[in-house]
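> The sequence and its predicted three-dimensional model are supplied below.
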Amino acid sequence: MAHIRLFASISLLVIASVCYAQAPSPAVPHDSAPNSPSVNRRVEVLIRSQFSVPLGYEIVFGDKTKSDIPGYDTLPVTFINGSKQTTANFLISKDCNTLARLEKFDVSKDPALAIQVDGRPMRGDEAAKVEIINFDDLECPYCARLNSELSTQTMEHYKGLIKIVYKDYPMEEIHPWAMHAAVDANCLADLNSKAYWAYVDFVHAHGPDITGARFEPAKSFLALDHIADTFGAENKVDEAKLGICLKKKDETIVRSSLKLGESLGINATPQMLVNGERLPSGARPAEELWPAIDRALKAEGIQPPPK
């Protein structure tokens, strides 16, 4: 089923058009009849002002057709710029005094609700009904702040009720060793989830040390490999397999996660989704994060723990 909403700007126009209509509407003058030059001009001026249409664009109106909304017809509006053109359907009231614009969303195919996390290390109860997916950058200081909050305060508060999964989203253009760190983390993820989370927590907590006073990529890369080796050994990871993976530096999994994030329109980290609900990007304090978790729990018929 598709969810339909009115653009906020157009909604205001609809309200304004009826606020003063206390008396019976007069008959529509001849020059205000459907598709008359007068009506078309008023509609064009309104569209140009409300949607900031560039001056170079031409606007052409198509023929009105019956719509699914009582009291409104569908009015095709084509925007032309040279050889390029696009058509959007508006709604216009029968008396030609109100214009509206509809958007439809197919909630059955929301990509945020179908993110594959099979095989990813998970924190929390695997059977939990609320899943927090975090697109993470291991060199991002805001991601480090969120990681600390999630792994302590939030996990303790919602013990047994949530599970947390990280997807890679290293922003290479501003974080030079983030990709290297993500690849190393995935080497551990394939072998031991405890080693993975130990690595993630340590790297997030020691980002400035890994970068160094004077950033030298080669030294940062060596430091990351050493950290991966250390936590691998502590968690009895197969040394030979880990060594081969760290040497290979296969970016396939990370690139796939980046592509997924881009398809979702992610352009900043950290980026969290709570059972598909996308929160504003950036480190979220508990007072902002917990209401989203509470909403997801209630939707599953679970009473959130008292704050």
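Everything's here; your move.

> Break down the stretch 1-150 of the chain into its strands, ranges please.
2-6, 58-61, 65-66, 72-81, 84-93, 99-106, 122-124, 130-136 (DSSP state E, counting those that start in this stretch).

> Looking at these, which is nearest to residue 185?
Of all those, strand 130-136 sits nearest to residue 185, with 9.2 Å by CB to CB. For every residue, glycine as well, the C-beta is placed using N, CA and C.

> and that closest one, C-alpha only, in CSV?
C-alpha atoms of strand 130-136 as CSV (Å, rounded to 0.1, in the frame of the first residue of the first chain):
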residue,chain,number,x,y,z
VAL,A,130,14.4,-4.0,17.6
GLU,A,131,17.5,-3.9,15.4
ILE,A,132,19.8,-0.8,15.2
ILE,A,133,21.9,-0.6,12.1
ASN,A,134,24.7,1.9,12.2
PHE,A,135,26.7,3.0,9.1
ASP,A,136,30.0,3.5,10.8
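
> that older thread, want to throw the strands of the stretch 1-150 of the chain into CSV with mean pLDDT, mean neighbour count and distance to residue 262?
Formatted as CSV, those follow (pLDDT from 0 to 100; neighbours: other CB atoms under 10 Å; distance: least, CB to CB, whole Å):
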stretch, mean pLDDT, mean neighbour count, distance to residue 262
strand 2-6, 36, 11, 24
strand 58-61, 94, 14, 32
strand 65-66, 93, 9, 37
strand 72-81, 94, 17, 26
strand 84-93, 93, 15, 23
strand 99-106, 76, 15, 20
strand 122-124, 96, 18, 24
strand 130-136, 96, 23, 10
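
> okay if I get these as a markdown table plus distance to residue 183?
Formatted as a markdown table, the strands of the stretch 1-150 of the chain follow (distance: least, CB to CB, whole Å):
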| stretch | distance to residue 183 |
| --- | --- |
| strand 2-6 | 39 |
| strand 58-61 | 50 |
| strand 65-66 | 55 |
| strand 72-81 | 43 |
| strand 84-93 | 41 |
| strand 99-106 | 35 |
| strand 122-124 | 20 |
| strand 130-136 | 14 |
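
> Ok, which of the ones you listed comes nearest residue 263?
Here strand 130-136 is closest among these (CB to CB), at 11.8 Å.

> what is the mean pLDDT for the lengthiest helix in the chain?
Counting residues, the longest helix in the chain under DSSP state H turns out to be helix 217-234. The average pLDDT for helix 217-234 rounds to 97.

> Not counting that helix itself, show me its contacts.
176-177, 180-181, 184-185, 187-188, 191-192, 195, 198-199, 202-203, 209-212, 237, 239, 242-243, 246 (CB atoms under 8 Å, 6 or more residues apart in numbering).

> could you flag which of the residues you listed are buried?
177, 180-181, 184-185, 187-188, 191-192, 195, 198-199, 203, 210-211, 237, 242-243, 246 (16 or more other CB atoms under 10 Å).

> For residue 171, the count of nearby residues, please.
18 (other CB atoms under 10 Å).

> measure residue 190 to residue 234 for me?
Residue 190 sits 17 Å away from residue 234, going by CB to CB, to the nearest Å.
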